[in-house]
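Participant: Okay, predicted coordinates and the sequence, questions at the end:
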Amino acid sequence: MIERFWLTEARMERLRPFFPKSRGKARVDDRRVLSGIIHLQRNGLMWKDAPREYGPHKTLYNRWVRWGRMGVFATIMTELATQGQDAEMVMIDATHLKAHRTASSMAVQKGGRGRLIGRTKGGLNSKLHVLADAKGRPIQMFLSAGQTSDYLGARALLSSIPEAGALLADRGYDADWFRKALIDMGMSACIPSRSGRREPIPHDTDLYRKRHRIENTFARLKDWRRIATRYDRCPILFLSACALAATVIYCL
């Protein structure tokens, strides 16, 4: 038994249904490899600094890249979140994640997809948009460049909003089109009005106080050092890291 293993056998049983089927040669021990990936993401280590208990660092890296680009970690998060979500109400918010020098190349990749890193007052960073349930557990995520408005994140996550009584958001989401979309979905919008709105729209202040739960979610995600600071150039892999962290923190 290796004490550094992050995943127990019980947790592995919940994850295995989402693993790709092995073709040809059997894969190296999934529990060991995934525990190693979690250890590096949680502690902000370079891949070459992986403890030897987890096996060759190239095996960890190759598994991470292959499964990340296949969307395995994102699928695990969304599926497990659906099984245990509390959709009495939902919340949406966004946070900035600082990009490290190794990830902040502004070059555009082939195919026109950029690195989703932008310049704001805080420097180069990315913006993580999160849709969460009533307990603050992430349901869906969307990554954009740091200077992107909250509106874009709301539009991207709109189709993922489950049936709920209300949606909580800060005044950055106070847009007529967004409020109308929520009404069409049969839910109320608990969103403070912008200071520039001519006729402020009232909201439930007692319900709004519960929005601190999604702020707590961002704080817990940023405990993972490779999320608090973005080292990955590839936005797909970085979003996979966010999904993996959310899975370990809230779904297992």
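Facilitator: In hand now; what should we look at? Numbers count the residues shown, from 1 in each chain.
Participant: what about the strands in the stretch 1-150 of the chain?
Facilitator: Applying DSSP state E, counting those that start in this stretch to the stretch 1-150 of the chain gives strands spanning 90-99, 118-120, 123-132, 138-145.
Participant: starting at the chain centroid, how far to the second one?
Facilitator: Here strand 118-120 shows a centroid-to-chain-centroid distance of 20 Å under the convention CA atoms, centre = their mean, to the nearest Å.
Participant: Would you mark the buried spots in that strand?
Facilitator: Neighbour counts over strand 118-120 (16 or more other CB atoms under 10 Å) mark residue 118 as buried. Any C-beta I mention is one placed from the backbone N, CA and C, and that applies to glycine too.
Participant: To residue 220, which of the strands of the stretch 1-150 of the chain lies closest?
Facilitator: Among the strands of the stretch 1-150 of the chain, strand 138-145 comes nearest to residue 220, with 10.1 Å by CB to CB.
Participant: need the next SSE after that closest one, C-terminal direction.
Facilitator: Next in sequence after strand 138-145, counting helices and strands by DSSP states H and E, comes helix 150-157.
Participant: quick one: contacts of the worst-scoring helix or strand of the chain on mean pLDDT?
Facilitator: Every helix and strand of the chain was ranked by mean pLDDT, DSSP states H and E. The lowest is strand 118-120, at a mean of 84. Under the contact criterion CB atoms under 8 Å, 6 or more residues apart in numbering, strand 118-120 has outside partners 96, 124-127, 144-148.
Participant: if we compare the strands of the stretch 1-150 of the chain, which one ends up closest to residue 18?
Facilitator: Closest approach to residue 18 among the strands of the stretch 1-150 of the chain (CB to CB): strand 138-145, 16.1 Å.
Participant: what angle separates that closest one from helix 150-157?
Facilitator: Following axes from the mean of the first three to the mean of the last three CA atoms, to 10 degrees, one obtains 130 degrees for the angle between strand 138-145 and helix 150-157.
Participant: which secondary structure elements does strand 138-145 contact?
Facilitator: Counting by 3 or more CB pairs under 8 Å, 6 or more residues apart in numbering; DSSP states H and E, the packing neighbours recorded for strand 138-145 are helix 72-84, strand 123-132, helix 150-157, helix 235-246.
Participant: 6 Å - rerun?
Facilitator: Under the contact criterion of 3 or more CB pairs under 6 Å, 6 or more residues apart in numbering; DSSP states H and E, strand 138-145 touches strand 123-132, helix 150-157, helix 235-246.
Participant: Can you list the helices and strands that the shortest one packs against?
Facilitator: Spelled out, that is helix 150-157. Other helices and strands packing on helix 150-157, by 3+ CB pairs under 6 Å, 6+ apart, are strand 138-145.
Participant: What are the buried residues along the strand it packs on?
Facilitator: Applying 16+ other CB under 10 Å to strand 138-145 flags 138-145 as buried.
Participant: Would you mind giving those as TSV with pLDDT and distance to residue 120 added?
Facilitator: As requested, the buried residues of strand 138-145 are arranged in TSV below (pLDDT from 0 to 100; distance: CB to CB, whole Å):
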residue	pLDDT	distance to residue 120
138	93	23
139	92	26
140	93	23
141	95	19
142	93	17
143	94	15
144	92	12
145	90	9
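Participant: Of the residues you listed, which is the nearest to residue 167?
Facilitator: The closest of those, once distances to residue 167 are taken by CB to CB, is residue 139, at 11.7 Å.
Participant: quick one: that closest one from residue 161, how far?
Facilitator: Remark: distance between residue 139 and residue 161 (CB to CB, to the nearest Å) = 8 Å.
Participant: sorry, back to before: ok, which of the strands of the stretch 1-150 of the chain comes nearest residue 12?
Facilitator: Here strand 138-145 is closest among the strands of the stretch 1-150 of the chain (CB to CB), at 21.1 Å.
Participant: In its sheet, which strands sit next to the closest one, and in what direction?
Facilitator: Paired strands of strand 138-145, with direction, are strand 123-132 (antiparallel) (DSSP bridges).
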